[in-house]
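Student: quick one, structure for this:
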Amino acid sequence: MEKSVLMNNFEKRKWIQVSPDEDWNFYWAGVQATRNIYNVESGYRLQDDQLICHFPNHYELTRKDLMVKNIKRYRKDLEKEGSPLAEKDETGKYIHLGTLPVTVALEVSYALLYL
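Tutor: As a prediction, this is how the structure comes out:
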């Protein structure tokens, strides 16, 4: 997304840009800036009224192949805990959390799809 699109929308909402040493409520951060903010060694902690546009390891949810991996891991954890969410039907399929998206990692599967 282009910076001008963001800035125009922020200005329409009467949001003002502040300097780094002023109090802020919303920080449009890139991935590296987000990692720096959440880094334990930085000593920085967000206040209750502060938001940023990413969170650590956001790609774990936004990439479907990683989302599937995490859902499968979550299912195994639920089974170990004996949670009712890990219940399966008579065919062995999960009753809850049973729908997983079909995932393809294009950089890995390109040859299978197009050759």
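Student: return stretch 72-80 as PDB; C-alpha atoms alone will do.
Tutor: Taking Å, rounded to 0.1, in the frame of the first residue of the first chain, the C-alpha atoms of stretch 72-80 are listed here in PDB:
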ATOM      1  CA  LYS A  72      -2.700 -28.900  13.700                       C
ATOM      2  CA  ARG A  73      -0.300 -28.200  16.600                       C
ATOM      3  CA  TYR A  74      -3.300 -26.700  18.500                       C
ATOM      4  CA  ARG A  75      -5.300 -29.800  17.900                       C
ATOM      5  CA  LYS A  76      -2.600 -32.000  19.300                       C
ATOM      6  CA  ASP A  77      -2.300 -29.800  22.400                       C
ATOM      7  CA  LEU A  78      -6.100 -30.100  22.900                       C
ATOM      8  CA  GLU A  79      -5.900 -33.900  22.600                       C
ATOM      9  CA  LYS A  80      -3.100 -34.000  25.200                       C
END
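Student: what lies in contact with that stretch?
Tutor: Under the criterion C-beta atoms under 8 Å, 6 or more residues apart in numbering, residues 85, 86, 94, 97, 100 lie in contact with stretch 72-80. Every C-beta, even on glycine, is put in place using the N, C-alpha and C of the backbone.
Student: now do 6 Å
Tutor: Applying C-beta atoms under 6 Å, 6 or more residues apart in numbering, the set of residues contacting stretch 72-80 from outside is 85, 86, 97.
Student: residues of stretch 36-49 that come out buried?
Tutor: By neighbour count with 16 or more other C-beta atoms under 10 Å, stretch 36-49 contains the buried residues 37, 38.
Student: quick one on the thing from earlier: neighbour-wise, which one of the contacts of stretch 72-80 leads?
Tutor: Taking other C-beta atoms under 10 Å as the neighbour criterion, residue 86 ranks highest of those with 18 neighbours.
Student: identify the residue nearest it in space, chain neighbours excluded?
Tutor: Once flanking residues are discounted, residue 86 sits nearest to residue 78: 3.8 Å by C-beta to C-beta, 6 or more residues apart in numbering.
Student: where does the one you found land in three-state SS?
Tutor: Assigned by DSSP: H, G, I helix; E, B strand; the rest coil, the conformation of residue 78 is helix.
Student: many thanks, I have nothing further to ask.
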